[in-house]
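[1] this one's structure only:
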């Protein structure tokens, strides 16, 4: 498990494999959200959620695949622009995951895709002014615990919080003071 | 714990090597026009295979190529030649060139509420209406 920088001093991501093997979560997400084979399989397997009535009009699998990729492209373009400007804060993108984030050693956050009822999510832990991406998902249900793939993202957030704790990054007051 | 210690520890946990995302994002931006076409063709082929109960291996055999090559194409990020597109179309008896001009759905078609900033309120109204 290691942390890699995305934009220096602002955005980082976890790579759950050791010593640089595999991809960090941020890179992995933008790969799979633009991978036709992955998306077709995902929406085919989650058709019931797609047709649950929340999304109106109900998209077909083909539409869901195309919309996801288009949205990932726009999101990526938006983030590329942010990456090119050193002083852009990320607070406009990330929001607290719940109203109870004070119960955690560091608050968990989520970023939505740019579409209004976007199903794209990026999850991160905020320490001072920095965001550490733990994962992300295509979220088609209201609660994260409702489906295994989103429930896994909650577990990953917890795993990363534990990792910080194990590494001695536990002092929330101290971390907040970094936000200067 | 001092500010310096905390910051230092966070930096120590961080790899010197940056994520590969930005390089890939730049590449995707530079190659966006043909990637859009490859994406549409890959999706059409995948849906056709599913409808017909065919595997990627079946397609590879029909095409006389390796399953790895088919898999690479079906990820939608291979720069396909006209000859390759024709060959896929012939084997599957589908017109892949007409797919290029098709629009499955625009982002705006799926969601008719345009104001992102009112998201919470509008979602509550929607849920209430159900």
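    Cool, got the structure. Quantities reported herein were computed from a predicted structural model and do not represent experimental measurements. Residues are numbered from 1 along each chain as shown, chains lettered A, B, ... in the order given.
[2] and the one helix or strand residue A:63 maps to, what does it pack onto?
    Using DSSP states H and E, residue A:63 sits in helix A:61-84. With contacts defined as 3 or more CB pairs under 8 Å, 6 or more residues apart in numbering or on different chains; DSSP states H and E, helix A:61-84 has these neighbours: strand A:2-7, helix A:25-32, helix A:36-45, helix A:47-50, strand A:120-127, helix B:21-30, helix B:32-52, helix B:107-110. In this view, the C-beta of every residue, glycine as well, is placed from N, C-alpha and C.
[3] for that helix, buried residues please.
    A:61-73, A:75-76, A:79, A:82-83 (16 or more other CB atoms under 10 Å in any protein chain shown).
[4] re the thing from before, to residue B:92, which of the helices and strands packed on helix A:61-84 lies closest?
    helix B:32-52 (5.4 Å; CB to CB).
[5] just checking, what packs against the next helix or strand along the chain from the closest one?
    The first helix or strand that comes after helix B:32-52 along the chain, using DSSP H and E, is helix B:56-63. Secondary-structure packing of helix B:56-63 (3+ CB pairs under 8 Å, 6+ apart): helix B:32-52, helix B:67-73, helix B:82-92.
[6] what about the chain, any weak spots by pLDDT?
    This is for chain A. A:20, A:86, A:171-180 (pLDDT under 70).
[7] chain B is the one I meant
    Using pLDDT under 70, chain B drops low at B:1-5, B:103-130.
[8] again, only this time at 50
    B:1, B:112-130 (pLDDT under 50).
[9] what's the closest non-adjacent residue to residue 39?
    You didn't pick a chain, so chain A it is. The shortest distance from residue A:39 to any non-neighbouring residue, by CB to CB, 6 or more residues apart in numbering or on different chains, is to residue A:65 (4.3 Å).
[10] nope, chain B please
    Closest to residue B:39 by CB to CB, 6+ apart is residue B:76, at 4.1 Å.
[11] wait, is that neighbour part of a helix?
    No: applying DSSP: H, G, I helix; E, B strand; the rest coil, one finds residue B:76 to be coil, outside a helix.
[12] surely it meets residue B:34?
    No: under the criterion of CB atoms under 8 Å, residue B:76 is not in contact with residue B:34, lying 10.7 Å apart.
[13] more neighbours: which of the two?
    Counted by other CB atoms under 10 Å in any protein chain shown, residue B:76 and residue B:34 do not tie: residue B:76 has more neighbours, with 27 against 12.
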